[in-house]
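Visitor: Any chance you can model this:
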Amino acid sequence: MSATAQFLLICFAVVCGLLGIAWLFEHFFCRDRLRLSSPKYLTTVAVSAALAGVLMLLEVPLLFLAPNFYKVDLSELPVLICTFYLGPVAGVLTEFLKILIKLLFKASTTAFVGELANFAVGCALVLPASMIYHCKRTKATAIVGLAVGTAVMASFGSLFNAVYLLPAFAEMFHMPLEAIVEMGTKINGGIRDITTFVLLAVAPLNLLKGLVVSLLTILLYKRVQPIMFKRS
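Guide: A predicted model of the protein is given here:
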């Protein structure tokens, strides 16, 4: 099997696995969820995905933290607001549709490795946050959920980069892993190998993104809820 076919198979497995986790949680714990076939549900997911896709186009590199192929965007903001309202399955669907919408306007510059990273790491924030919030819908559980989600995103993002994403990126662009590490060393002299690369570059990047998006979610969720999510 070619490297491209293996990569696509892994992408499919990741999407299905995350959807399965979200569905199981909703089935057993979310009693107030809207049905997947509900027009309100589908419209809300579509609008949130469109907003997230546009925000994903506004990604910017943080060159003081990581090489320029790592970029930060605020696309998880509408995803979090949507999943707080509808539940974890909506969050995964919105994340997936967000990637498709972004690709309609801007082709991948990372052989889709960046898009897979954005989807999987985004879900690592969205799923824990929404699961905790939907156990008891209060501002306190929302804050706890976002804090846990940010920690999970930073941890999972670092592990996923070290084990799979960076090796896949290096293979698809026919470059040694040492070259990627060297890019990080130029920014931070403490980066000497893949382990220090993800600890000193990838983890802080995800922590910063998680903190900013979480703060914006807390500030905006109740304000936009009456406008975006009126129940019939």
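
Visitor: This structure: strands as residue ranges?
Guide: 60-61, 71-72 (DSSP state E).

Visitor: Touching, L97 and V47? I think so.
Guide: No: if you go by C-beta atoms under 8 Å, L97 and V47 don't touch, sitting 10.5 Å apart. In short, each C-beta sits where N, CA and C put it, glycine included.

Visitor: Compare neighbour counts for the two and give me the winner.
Guide: Higher neighbour count among L97 and V47: L97, with 18 against 15, using other C-beta atoms under 10 Å.

Visitor: and the more buried one, what does it touch?
Guide: Shown in contact with L97 (C-beta atoms under 8 Å, 6 or more residues apart in numbering): 45-46, 49, 53.

Visitor: most neighbours, which of the residues you listed?
Guide: Result: A49 is most packed of these (other C-beta under 10 Å), 25 neighbours.

Visitor: Tell me which stretches of this structure form helices.
Guide: For the chain, helices defined by DSSP state H occupy the ranges 3-29, 39-57, 76-86, 88-105, 113-135, 139-160, 166-172, 177-187, 194-197, 203-228.

Visitor: okay if I get those as TSV plus mean pLDDT and distance to N68?
Guide: Output for those, formatted as TSV (pLDDT from 0 to 100; distance: least, C-beta to C-beta, whole Å):
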stretch	mean pLDDT	distance to N68
helix 3-29	83	22
helix 39-57	92	16
helix 76-86	93	21
helix 88-105	94	18
helix 113-135	92	12
helix 139-160	94	17
helix 166-172	84	13
helix 177-187	92	8
helix 194-197	93	14
helix 203-228	88	12
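
Visitor: among those, which is the most enclosed?
Guide: Stretch with highest mean neighbour count among those: helix 76-86 (a mean of 27; mean count of other C-beta atoms under 10 Å).

Visitor: Please enumerate residues in contact with that helix?
Guide: Against helix 76-86 from outside (C-beta under 8 Å, 6+ apart): 33-34, 41, 44-45, 48-49, 51-52, 55, 90-91, 94-95, 98, 122, 125-126, 129-130, 133, 142, 146, 209, 213-214, 216-217, 220-221, 224-225, 228-229.

Visitor: Please apply the same query to stretch 134-149.
Guide: Residues contacting stretch 134-149 (C-beta under 8 Å, 6+ apart): 25-26, 29-30, 32, 80, 84, 87-88, 124-133, 210, 214, 217-218, 221.
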